[in-house]
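Novice: Build me a model:
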Amino acid sequence: MILRGYEPGDLDAMHALDVACFERPFRFTRRAMQRFAEAKKARVVIAEIDHTVAGFCILHIERAEYGRAAYIVTLDVAPDHRRKGIARALMLQAELLAAEAMCTMMALHVFIGNTAAMGFYQSAGFIRSHRSPGFYGSSLDALVLHKTLVPAAA
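Specialist: Numbers count the residues shown, from 1 in each chain. So this is what the prediction gives:
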């Protein structure tokens, strides 16, 4: 497995993977995926196996009242590559990028019915912050999870 940054040629593979990973309304349109991946505040990590996108993580660096925070927009791993450490490798790289950007906190939303994802994030050190009613649409609530980070030395 190779971890690398985003290239514009990755967009179609990323969108196809998102469609394979998530049902509506949890998946992104191609246009939204491009906006998130190519934003100035974006950091993207691609997990590549045999020249194929096996997973990816989109992270945004945000300004917060206490400094900088990182927000995980999405973390996707191809169904046939799950439970092989790819999500953990993507998350560790995302945390490194966030620390390098001087972030002191990382946050994400997860659907309350996605117990597998919640278990993964908790094992990665995230804790529950609060419930976000209707985040994914009418009666589709999310939990907000967060993790404290140690920024990289300046």
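Novice: mind listing what's buried in the host helix or strand of Ile58?
Specialist: Secondary structure from DSSP states H and E places Ile58 in strand 52-64. Under the neighbour-count criterion of 16 or more other Cβ atoms under 10 Å, strand 52-64 has 53-61 buried. Glycine gets a C-beta too; all of them are placed from N, C-alpha and C.
Novice: Now the two most distant members of those.
Specialist: Largest separation among the buried residues of strand 52-64 by Cβ to Cβ: Ala54 and Ile61, giving 24.4 Å.
Novice: Any idea how far apart the tips of stretch 21-37 sit?
Specialist: Looking at stretch 21-37, the gap from its leading to its trailing residue is 17 Å under the measure Cα to Cα, to the nearest Å.
Novice: That one - what's its average pLDDT?
Specialist: Across stretch 21-37, the average pLDDT comes to 94.
Novice: buried set for the longest helix anywhere in the chain?
Specialist: Among the segments of the chain that qualify as a helix by DSSP state H, the longest is helix 86-100. By neighbour count, and taking 16+ other Cβ under 10 Å as the criterion, the buried residues in helix 86-100 are 86-87, 89-91, 93-95, 97-99.
Novice: Stretch 123-130 now?
Specialist: For stretch 123-130, a neighbour-count test (16+ other Cβ under 10 Å) marks 124, 126 as buried.
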